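1. Build the 3D model from these lines:
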Amino acid sequence: MPSNTENVIDNILFNLKTNNIPEEYLGIIEEYMEEELDKYTLHTQEEVRQLLVEPLAILDQYCAQRLLEGRAQSTIDIYKEVNGHFLKYVGKGIQDINHYDVRAYLAYKSGNGNSKTYLALIRSVLCSFFAWLTIEEYIIKNPMLKIAPIKGEDKIRRKFSSVDIDKLRRNCHTARDLAVVDFLLSTGCRVSEACSVTLSDVDLSKKTVIVLGKGSKYRTVYLTDVCVESLREYLEHRRYKSIYLFTALYHDKKITTGGVRALCKRLEKESGVANVHPHRFRRTCCSNLLAKGMYIQDVARILGHAKLDTTNVYNDSNETQLHANFELRNI
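-> Numbering: from 1, shown residues only. So this is what the prediction gives:
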């Protein structure tokens with residue numbers, strides 16, 4: 001069967017011949033075209049469409065396997081978004097992608113104003129995908145092996161101060177909002193975990209809550225006395241019955257992560273506390289526990305961290321202690 005290149009040359013020569021181009025010129029033109037087109041791989045439009053469909057189908061297989069392994073749906077969505085955008089940008093078959101394509105894509109994303117932290121996330125997601133492709137024998141060489149790690153920005157992320165917490169609590173307009181704030185501060189739960197807690201998961205007498213975290217792993221978190229009182233007040237007067245601990249204000253469906261983030265934005269505006277978001281409550285819980293002397297291994301279990309290094313990122317008690325030591329010796 002003639003190749004795409006041969007078909008292109010034959011079609012061009014036929015059209016030239018029908019336009020009365022002399023035979024001696026056709027031979028010269030054919031030689032030049034063969035020499036030049038030999039440098040390229042030509043695809044028909046149908047082949048190009050297939051090249052785009054095949055990688056996305058393989059990506060679906062990858063995401064399905066990761067879902068079966070217990071990855072959260074939010075994580076799967078990130079896999080689909082990052083890998084899918086990369087594959088569409090490159091526009092090649094899986095086997096044809098090389099490290100130059102990855103570098104070009106990262107440069108493109110960097111040029112669009114994305115932070116180094118986000119570029120590091122993209123690299124991490126692509127590394128996981130191409131490692132799986134190698135194991136599954138879709139590819140022979142892993143292009144990510146030649147992509148150096150990207151160091152993100154070292155930003156100082158502050159916890160809420162006691163004054164901040166007081167301002168946030170005083171600007172909660174409903175018992176539910178106050179209960180959500182106290183729950184996040186007490187348990188250090190991820191926002192998705194807090195939204196999924198059911199009434200049967202909560203034991204107010206023992207001040208414990210069972211939460212389902214990353215990797216479909218259950219763990220126990222604990223409630224402060226202040227949080228227990230806020231929850232009792234909320235549950236006694238809440239408008240709708242539901243199996244979930246936290247519901248929306250105007251129906252019995254569970255509160256969404258978007259609903260919690262909207263609450264945080266309102267509290268930020270009305271309290272005057274800057275940078276209010278759900279994850280900062282988690283950071284505050286972690287930092288406070290460490291500052292009070294709890295072992296980092298125990299804090300890691302409460303937060304659902306598999307690695308202590310992850311927990312230590314949240315720890316600003318070291319900085320507080322360092323400042324205190326400086327002041328002590330600077331008298």
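2. Kindly check the end-to-end length of stretch 263-282 for me.
-> 16 Å (CA to CA, to the nearest Å).
3. What are the phi and psi values at Glu136?
-> Dihedral pair for Glu136: phi -80, psi 0, per degrees, to the nearest 10.
4. Contact partners for it?
-> Contact analysis of Glu136 by CB atoms under 8 Å, 6 or more residues apart in numbering lists nothing. (Glycine included, C-beta is placed from N, CA and C.)
5. Also Phe160?
-> Neighbours of Phe160 in contact, by CB under 8 Å, 6+ apart: 168, 185, 273, 280-281, 284.
6. rerun that using 6 Å as the cut-off
-> For Phe160, the contact set (CB atoms under 6 Å, 6 or more residues apart in numbering) comprises Thr284.
7. separation between the residue nearest to the spatial centre of the chain and Leu126?
-> In the chain, the centroid-proximal residue (CA atoms, centre = their mean) is Ile78; its distance is 5.1 Å. Distance from Ile78 to Leu126, counting by CB to CB, to the nearest Å: 12 Å.
8. coming back round to it: leaving out the residues flanking it, which one is nearest to the residue nearest to the centre of the chain?
-> Distances taken as CB to CB, 6 or more residues apart in numbering put Val125 closest to Ile78, at 6.5 Å, once the chain neighbours are dropped.
9. do the same with Ile243
-> In space, Ile243 is closest to Thr198, 5.0 Å off (CB to CB, 6+ apart).
10. Quick check: the one you found vs Tyr118, distance?
-> 34 Å.
11. which residues of the stretch 201-331 of the chain score low on pLDDT?
-> For the stretch 201-331 of the chain, the stretches with pLDDT under 70 are 315-331.
12. What segments of it are helices?
-> 225-237, 257-271, 278-291, 296-303, 308-313, 317-329 (DSSP state H, counting those that start in this stretch).
13. Run through who's touching stretch 72-81.
-> 63, 67, 214.
14. how near is the nearest residue to Gly272 once chain neighbours are set aside to Gly93?
-> Distances taken as CB to CB, 6+ apart place Lys167 nearest to Gly272, at 6.6 Å, with adjacent residues excluded. Separation of Lys167 from Gly93 (CB to CB) stands at 56 Å.
15. same question, Lys217
-> Distance from Lys217 to Gly93, by CB to CB: 37 Å.
16. Settle it for me: which of the two has more neighbours?
-> Ranked by neighbour count (other CB atoms under 10 Å), Lys217 and Gly93 place Gly93 first, with 18 against 11.
17. Give me the distance between that one and Lys151.
-> Between Gly93 and Lys151 the computed distance is 32 Å (CB to CB).
18. Please apply the same query to Asn112.
-> Relative to Lys151, and taking CB to CB, Asn112 is found at 19 Å.
19. Which of these two has more residues huddled nearby?
-> Lys151 (10 against 7).
20. give me every residue that touches Glu30.
-> Neighbours of Glu30 in contact, by CB under 6 Å, 6+ apart: none.
21. And it, how close does it get to Ser124?
-> Distance from Glu30 to Ser124, by CB to CB: 50 Å.
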